[in-house]
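this one's structure only:
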């Protein structure tokens, strides 16, 4: 399981290191992403220093996952073809030992998505990223990192839980920032076997970038390009300076 | 039909009230939207204060419409699956009493879209939003509000017609602003049974926001985020101050 | 073949003329574009002065190509339906005498795309636009203009080769700028039969616009709207002033 049970006080330094590793290694992240936010997620990964790919064709997904270092799976705009591509992609990730993140987007709106999310969770997902309304419909297996995003982001594995209080309210006004945070988690998972530290670090990096972005935004419209700029300009010092992390009861 | 036959002089005050109602009630708007502009439309609705959803899967659309307060249907990037989803979504909207807006995007380019638009119009659409080239191919049933967008936007029902002269030329340079205005109409329809006032108010709100956005834009690229900012920052006072509305012959 | 074998010293003036022609004639460019970047490509074409359309439905593509002056084909997010639409669209373009550009996006990731790209190249493509990794997998027929984009863009036909050294590193951080440059080439091909000059001029226009955009950007996020502004604001004088073009060995 490789979880080092990092505590709140050590996370900022670890996140700063992992950010620099992402920049140094430029991991490839394949995304099976809803059609609405493919562009934002691709640009967010590029800004961070990762290399995105986005095809969702069942006939192509296995070769793209084989070229990738991590996989991000999102259940938005789900249909029969996308469902098939996700099963192929997840199976390839497990077989090849690639970490992968499940985002059960809007599974609280769509019962078939909730059923599908439960199937995927037990097929070797590394991380679940969901909001509170989605989370309550799912049971997280013991070896899967749980990220619950909201006003604060809670990251849990086994009996360890960290709360990351960074971020900005404008994130909720821009479609796809949650989807992007799942893909950013995949980028961090690609550079370390410590899935708990990677997940928490990714949320801290996103939250710090969102705070930096808000300083350049006049509303949700200008917040989005500012967030991409911030992901590109974010330094390890920014992370350490801005981090607001708490230990929670497991 | 619930149409109050509002006159030009009363529209700004009514539009201001309806904008505040949209903010207060945060209506859910489901969109069956072409793949090109899903992100812009989702972000525009969020900026305004509504809650968007975007799936176009035939197997999911009925449960999303059931969760929504209004539906926005756009015929762009039409294919067999999307056609099926639209039929299911429109039928669900009618059955559940949800208002819905039809945007026959580019039906002047594609004869099958024009045929399909005619079928949908008589199946209980609340509002038709189209540009002049699309409009001439369609006959608007007597109880459907007609919005014809252009340099001025004309809103008609029965023998009543208002012209809204707000807006900005940069809207025509950004793909999806027309599609967004249809979705914004759906958001306004969700908060009042007066379909004529809702439609005219939505066009006025979009036009006022576009004028505010143009003050922050250096071209079509920066106009788009500025438009989203303006939709978020638009106040009832802005609407009243900027409104340029004329009564027309019915 | 209509190629005038323009030399480096004459390209800037020719590109300036062709830009003005694009603005004067507003050519319609139909795009069979991957789902990730449809919006950026549509907005980029509109900013430049062309009129984009984007449907990828097999049942509609022939009528959209018939309405268009040029076609841009991109192999990203390829699946069976899109493959069918591309074959129909390319066949229609050849039959109707419309120029068309092939962008074999990510064919280095996906062997079926490379095979499909080879088939399309010999079916009458006017221009191939690809990066170096994609280019080495393909053989360019003698009458097809080859654009190889990278730090400098190389444009070749027969024994003539020009290198265009304009552009900016931020282009590589924004998903879809390469796809957009293929669509911009299609817009230039729509206004002249000289496919070599059109292709080289399009790359020069894109490169000059990118340089102008970078002056307004704080990172990749603000670079994208700035690029659209620059495509709209670009003048023939900007092209002549900024051009850095070299003759190469054929």
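Alright, I've got the coordinates. Note that the structure is a prediction, hence the values are computed from the model and not measured.

Now do the buried residues in the helix of greatest length in chain A.
Ranked by residue count and defined by DSSP state H, the top helix of chain A is helix A:195-214. Applying a neighbour-count criterion of 16 or more other CB atoms under 10 Å in any protein chain shown, the buried positions in helix A:195-214 are A:195-214. Just so you know, the C-beta spots here come from the backbone N, C-alpha and C atoms, and that holds for glycine as well.

Check stretch A:69-77 too.
The neighbour-count criterion (16+ other CB under 10 Å) identifies A:69, A:70, A:71, A:72, A:73, A:74, A:75, A:76, A:77 as the buried residues of stretch A:69-77.

any idea which of the residues you listed is closest to chain C?
Compare each of those with chain C using CB to the nearest CB and the shortest gap goes to residue A:77, at 10.1 Å.

Backbone dihedrals for the closest one, please?
With angles defined as degrees, to the nearest 10, residue A:77 shows backbone torsions of phi 40, psi 50.

Hmm, residue A:36 and it touching each other?
Yes - taking CB atoms under 8 Å as the definition, residue A:77 is a contact partner of residue A:36 at 6.4 Å.

Now do the shared contacts for those two.
Shared contacts of residue A:77 and residue A:36 (CB atoms under 8 Å, 6 or more residues apart in numbering or on different chains): residue B:54.

Give me the number of neighbouring residues for the residue lying closest to residue A:247 once chain neighbours are set aside.
In space, not counting the residues next to it along the chain, residue A:247 is nearest to residue A:8; the distance is 4.5 Å by CB to CB, 6 or more residues apart in numbering or on different chains. The local packing count at residue A:8 equals 17, with neighbours defined by other CB atoms under 10 Å in any protein chain shown.

and if you look at residue A:215?
Residue A:215 is flanked by 9 other residues according to other CB under 10 Å.

what sits against the residue positioned nearest the centre of chain A?
Nearest residue to the geometric centre of chain A (CA atoms, centre = their mean): residue A:182, 1.8 Å. The neighbours of residue A:182, taking CB under 8 Å, 6+ apart as the test, are A:72, A:74, A:101, A:102, A:103, A:127, A:129, A:147.

which ones among those residues are found in strands?
Among those, the residues falling in strands (DSSP state E) are A:72, A:74, A:101, A:102, A:103, A:127, A:129, A:147.

Just give the nearest non-adjacent residue to the second one, would you?
It refers to residue A:74. Here the residue nearest residue A:74, using CB to CB, 6+ apart, is residue A:103, at 4.4 Å.

show me what contacts the one you found?
A:72, A:73, A:74, A:75, A:76, A:128, A:129, A:130, A:178, A:179, A:182.

The same query, at a cut-off of 7 Å, please.
For residue A:103, the set of contacting residues under the criterion of CB atoms under 7 Å, 6 or more residues apart in numbering or on different chains consists of A:73, A:74, A:75, A:129, A:130, A:179, A:182.

Close to chain B: what parts of chain A are there?
On the criterion CB under 7 Å from any CB of the partner chain, chain B has as its neighbours in chain A the residues A:35-37, A:39-40, A:77-79, A:106, A:109-112, A:173-176, A:218-222, A:224-225.

Low-confidence stretches in chain A?
Low-confidence segments of chain A, defined by pLDDT under 70, span residues A:1-4, A:249-250.
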